[in-house]
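A.B. asks: sharing a model prediction with you, sequence too.
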Amino acid sequence: MERGCPPEAERLGALLRRSREAKAAAYCPYSRFAVGAALLTAGGHIFSGCNVENACYSLGVCAERTAIQKAVSEGHTSFKAMAIASDLEDDFIVPCGACRQVMREFGKDWDVYLTKPDGTYVVKRLEELLPLSFGPEDLRKL
Ligand SMILES: O=c1ccn([C@H]2C[C@H](O)[C@@H](CO)O2)c(=O)[nH]1
Ligand SMILES: [Zn+2]
C-alpha cells in the first residue's frame with residue numbers, strides 16, 4: 001500500500017471505528033477528556049491508542065503518541081494515516097503540538113483524520129498541521 005494515496009473506503013471505515021473504540025479505553029481520571037487514535041501503517045496494519053494520564057499530571061501521554069509508540073515498538077515506522085476521536089460534539093479534535101512533532105518524525109506526507117462523534121471528519125496533511133517543521137533530515141545536513 002502506498003503512503004501517498006488515500007485509504008480505500010473500507011480501510012478508512014475501520015480506521016475511524018478503531019479510533020472510537022480506543023477512546024473507550026482512555027485512562028483520563030483527571031481531565032475526563034477521552035481521546036482515541038488509530039494509525040494505519042503502509043503495510044495495512046492498524047495500531048490504536050488512548051490517552052493515559054497519571055497522578056503526576058505531567059507524565060500523561062496523548063492517544064496519538066500511544067498509538068505511535070505501539071506501532072514503532074512492533075517494528076512499523078511507515079505510516080499512511082491516523083484517525084483521532086474525542087467526545088467534542090462541536091469541534092474536530094486536533095492533536096497537540098508535541099504529538100504533531102512526534103508524528104512528523106515519521107514523514108510529512110501522510111494524512112490525519114480529525115473527527116467528531118457524529119462521524120464527520122476533516123483530513124489534514126501532516127505538512128499542514130506542522131508547517132516549517134524540523135525533522136530527521138535536518139540532522140543529516142551538517
Ligand atoms: O489530541 C489530543 C488532545 C488531548 N489529549 C489528551 C491529553 C490529556 O490526557 C487530555 C486533556 O488534554 O486529553 C489527547 O490525547 N489528544
Ligand atoms: Zn498530544
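C.D. replies: Thanks, I have it. Ligands and ions are numbered 1, 2, ... in the order given.
A.B. asks: CA only for contacts and neighbour counts going forward, please
C.D. replies: Noted.
A.B. asks: for this protein, what spans make up the helices?
C.D. replies: 9-23, 63-73, 97-104, 126-129, 136-139 (DSSP state H).
A.B. asks: including mean pLDDT, distance to ligand 2 and mean neighbour count, could those helices go into JSON lines?
C.D. replies: Converted to JSON lines, those look like this (pLDDT from 0 to 100; distance: least, CA to the ion, whole Å; neighbours: other CA atoms under 10 Å):
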{"stretch": "helix 9-23", "mean pLDDT": "96", "distance to ligand 2": "14", "mean neighbour count": "19"}
{"stretch": "helix 63-73", "mean pLDDT": "99", "distance to ligand 2": "6", "mean neighbour count": "21"}
{"stretch": "helix 97-104", "mean pLDDT": "98", "distance to ligand 2": "4", "mean neighbour count": "16"}
{"stretch": "helix 126-129", "mean pLDDT": "98", "distance to ligand 2": "12", "mean neighbour count": "18"}
{"stretch": "helix 136-139", "mean pLDDT": "97", "distance to ligand 2": "20", "mean neighbour count": "9"}
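A.B. asks: quick check: which of the ones you listed is nearest to ligand 1?
C.D. replies: Set against ligand 1 and scored by CA to the nearest ligand atom, these come closest in helix 63-73, at 4.0 Å.
A.B. asks: show me how far the closest one is from its chain's centre.
C.D. replies: 8 Å (CA atoms, centre = their mean, to the nearest Å).
A.B. asks: show residues contacting that helix.
C.D. replies: Helix 63-73 is contacted by residues 26, 35-39, 47-52, 77, 84, 95, 99, 102-103 when judged by CA atoms under 8 Å, 6 or more residues apart in numbering.
A.B. asks: one more: stretch 80-89?
C.D. replies: With CA under 8 Å, 6+ apart, stretch 80-89 has contacts from 2-4, 7, 15-16, 19-20, 23, 33-42, 64, 93-94, 110-118.
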